[in-house]
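S.K.: Fold the following.
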Amino acid sequence: MNQLNTYPCCLILFFAYVVFVQIAHISNA
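M.R.: Okay, the predicted model is just below:
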């Protein structure tokens, strides 16, 4: 229910996912 805590958590998970995809793409290249 606390949106103030939920938003940063989701944002961090999204950022971590984007970084992971970028690293995987560079490693495969």
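S.K.: where do the helices sit along this protein?
M.R.: For the chain, helices defined by DSSP state H occupy the ranges 3-28.
S.K.: Give the residue spans of it that score low on pLDDT.
M.R.: Applying pLDDT under 70 to the chain picks out residues 1-2, 4-5.
S.K.: Apply 90 and report the result again.
M.R.: The model of the chain has pLDDT under 90 over residues 1-10, 28-29.
S.K.: Okay, buried residues for stretch 13-24 please.
M.R.: Along stretch 13-24, no position meets the burial threshold by neighbour count (16 or more other CB atoms under 10 Å). All C-beta atoms are positioned from the backbone trio N, CA, C, and that covers glycine.
S.K.: Restricting to C-alpha, output it in CSV.
M.R.: The C-alpha coordinates for stretch 13-24 follow below in CSV (Å, rounded to 0.1, in the frame of the first residue of the first chain):
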residue,chain,number,x,y,z
LEU,A,13,14.7,-3.8,-10.3
PHE,A,14,14.0,-2.3,-13.8
PHE,A,15,17.4,-0.5,-13.8
ALA,A,16,19.1,-3.7,-12.7
TYR,A,17,17.4,-5.6,-15.5
VAL,A,18,18.4,-3.1,-18.1
VAL,A,19,22.1,-3.3,-16.9
PHE,A,20,22.0,-7.1,-17.0
VAL,A,21,20.7,-7.1,-20.6
GLN,A,22,23.4,-4.6,-21.7
ILE,A,23,26.1,-6.7,-20.0
ALA,A,24,24.8,-9.9,-21.6
